[in-house]
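Q: Sequence below, structure please.
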Amino acid sequence: MRPLRYSINLTLDGCCHHEAGLGPDEESMRYWTAEMERADALLFGRVTYQMMESAWRKPATGTWPDWMEGWEIPFAEAIDQSQKYVVSSTLGGVDWNAQLLRGDLEQAVRRLKQGTGNGLWVGGVTLPVALADLRLIDEYEFLVQPVIAGHGPTLLAGLRERIQLELVDRHEFRSGAIALRYRAA
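A: As a prediction, this is how the structure comes out:
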């Protein structure tokens, strides 16, 4: 059975909005690239799928945009090439190596987890709360940035029950960020 891993950047006060001063640097992008490469597939809600597609889908020209730094390209290539599953009741269709997941969320994700491989990866803010409430997330990975945002959506807001976690790995970055990986206890 493949594990489902939830990974996200967040601030010290738990904000997980992508515009809360969480800009990537070369070291964190190498870290996230390795995470993308070890996932068999990515699981997104509609909002995260559209945001990631707008930033990381390779243009039809076959050339990455000028705004992209050279150290961001390996991440862009890893996410661009990954298999994606999108949970949405409003999208009419998806592409970008993606399939829509409709219907019963728990059944659909359990089917995905039944496969063999390295695991599935989920990001975003809303979908992970539903998955955590269903106890479908096996690992939680937080890249905690040395920033206090003071506003914005917070990590797993609205979770129905407390989830006990066990620390299984940590990695410190030169920037002062710390990656913490937990397993559901």
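Q: I'd like the secondary structure assignment at the nearest residue to residue 128 once chain neighbours are set aside, please.
A: Distances taken as C-beta to C-beta, 6 or more residues apart in numbering place residue 6 nearest to residue 128, at 4.8 Å, with adjacent residues excluded. (Glycine included, C-beta is placed from N, CA and C.) Using DSSP: H, G, I helix; E, B strand; the rest coil, the structure places residue 6 in strand.
Q: so residue 6 bridges to which residues?
A: For residue 6, the beta-bridge partners are residue 122, residue 140 (DSSP bridges).
Q: Retrieve the pLDDT associated with it.
A: At residue 6 the predicted local distance difference test score is 97.
Q: And residue 23, by the same measure?
A: Residue 23 is assigned a predicted lDDT (pLDDT) of 71.
Q: mind checking how far the residue positioned nearest the centre of the chain is from residue 47?
A: Among the residues of the chain, the one closest to the centroid is residue 123, at 2.3 Å (C-alpha atoms, centre = their mean). According to C-beta to C-beta, to the nearest Å, residue 123 and residue 47 sit 11 Å apart.
Q: cool, residue 180 as well?
A: 25 Å.
Q: For residue 102, give me phi and psi.
A: Note on residue 102: its backbone torsions stand at phi -130, psi 170 [degrees, to the nearest 10].
Q: now the residue lying farthest from the centre of the chain: how far from residue 183?
A: Note on the chain: the largest C-alpha distance from the chain mean falls to residue 61, namely 26.6 Å (C-alpha atoms, centre = their mean). To residue 183, residue 61 is 42 Å away according to C-beta to C-beta.
Q: Equivalent analysis for residue 131, please.
A: Per C-beta to C-beta, residue 131 is found 15 Å from residue 183.
Q: And for residue 86, the neighbour number?
A: Number of residues near residue 86 (other C-beta atoms under 10 Å) recorded here: 23.
Q: Surely it is in contact with residue 101?
A: Yes. Counting by C-beta atoms under 8 Å, residue 86 does reach residue 101; the two are 6.6 Å apart.
Q: residues contacting the residue nearest to residue 128?
A: 121, 122, 123, 128, 131, 132, 137, 139, 140, 141 (C-beta atoms under 8 Å, 6 or more residues apart in numbering).
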